[in-house]
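> With the sequence up front, the predicted model follows.
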Amino acid sequence: NAGVTQTPKFRVLKTGQSMTLLCAQDMNHEYMYWYRQDPGMGLRLIHYSVGEGTTAKGEVPDGYNVSRLKKQNFLLGLESAAPSQTSVYFCASSYSKVGGPKFTNSYEQYFGPGTRLTVT
Amino acid sequence: KQEVTQIPAALSVPEGENLVLNCSFTDSAIYNLQWFRQDPGKGLTSLLLIQSSQREQTSGRLNASLDKSSGRSTLYIAASQPGDSATYLCAVNDYKLSFGAGTTVTVRA
């Protein structure tokens, strides 16, 4: 299994440009999450999804949109990039409390390798 | 809103010394607590996960304790090595993870 993968690994955008970050998981997880990490800070939740076709706002959702059209994919979009969105973006996924195989940890999150985004 | 605090922000110790990293959180209604390691410019490596019903979890030289009632977790790393130098992140899980800012550890050879 590849686990959680993220595309692209690096990207440089100019202010006002748009882009989509792709997260894919092959563990049949119900829940998926997008976080951002800024220097000297822990990760902050942007948006999350508790199942195909659902999305919800996290702690810092402004300026981002998400979609979960397929269970295995979670897309993060920036419609008009701003320098404040320069960050490292991490995707994660997890089973729900009852959705996983026996003996799995409830909501234990598995992380992708991250996407480093610079907006100039 | 869950608030997670990690103290100290940075720690430097000589090789062989035991490390003690602290994490505190404000809301005890959690499913579990995870400790992660992050090397500079890299992703997250999960070290230990403690379920809310557990008091501690051990893996090799690592031991993590959880006191839900007081909102505290401690990560102990025995006999530190230069390879333990990294940032250690604590995260509490109420199906969404809330992270602390991390403790950056330097182990001097």
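Thanks, I have the structure now.
> all contacts plus neighbour counts: C-alpha atoms, from now on.
Fine.
> Just give me the residue closest to the centre of chain A.
In chain A, the residue lying closest to the centroid (C-alpha atoms, centre = their mean) is A:W34, at 2.5 Å.
> Who are the contact partners of that residue?
Counting by C-alpha atoms under 8 Å, 6 or more residues apart in numbering or on different chains, A:W34 touches A:L45, A:I46, A:H47, A:Y48, A:L76, A:Y89, A:F90, A:C91, A:A92.
> Quick check: closest non-adjacent residue to it.
Excluding the flanking residues, the one nearest A:W34 by C-alpha to C-alpha, 6 or more residues apart in numbering or on different chains is A:C91, at 4.6 Å.
> picking up where we left off before, which of the contacts of A:W34 has the most neighbours?
Ranked by neighbour count under the definition other C-alpha atoms under 10 Å in any protein chain shown, these are headed by A:C91 with 31 neighbours.
> what's the distance between that one and A:L45?
Applying C-alpha to C-alpha, to the nearest Å, the value for A:C91 to A:L45 is 10 Å.
> beta partners of the nearest residue to B:G102 once chain neighbours are set aside?
If you skip the residues right next to it in sequence, B:G102 has B:L89 as its closest partner in space, 4.5 Å away by C-alpha to C-alpha, 6+ apart. Listed beta-bridge partners, B:L89: B:F36 (assigned using DSSP bridges).
> my guess is B:L89 contacts B:S98, does it?
No - at 10.3 Å, B:L89 and B:S98 do not qualify as touching, with contact defined as C-alpha atoms under 8 Å.
> And these two? Which one has more around it.
B:L89 (27 against 22).
> thinking again about what came up before, and the residue nearest to A:W34, how far is that from B:Q81?
30 Å.
> anything in contact with each of A:C91 and A:L45?
Counting by C-alpha under 8 Å, 6+ apart, the common neighbours of A:C91 and A:L45 are A:Y33, A:W34, A:Y35.
> Closest one of those to chain B?
Closest approach to chain B among these (C-alpha to the nearest C-alpha): A:Y33, at 8.3 Å.
> What strands flank the strand or helix carrying the closest one, and is each parallel or antiparallel?
Taking DSSP states H and E as the criterion, A:Y33 maps to strand A:31-37. Here strand A:31-37 is paired, per DSSP bridges, with strand A:43-49 (antiparallel), strand A:87-94 (antiparallel).
> Fine by me, thanks again.
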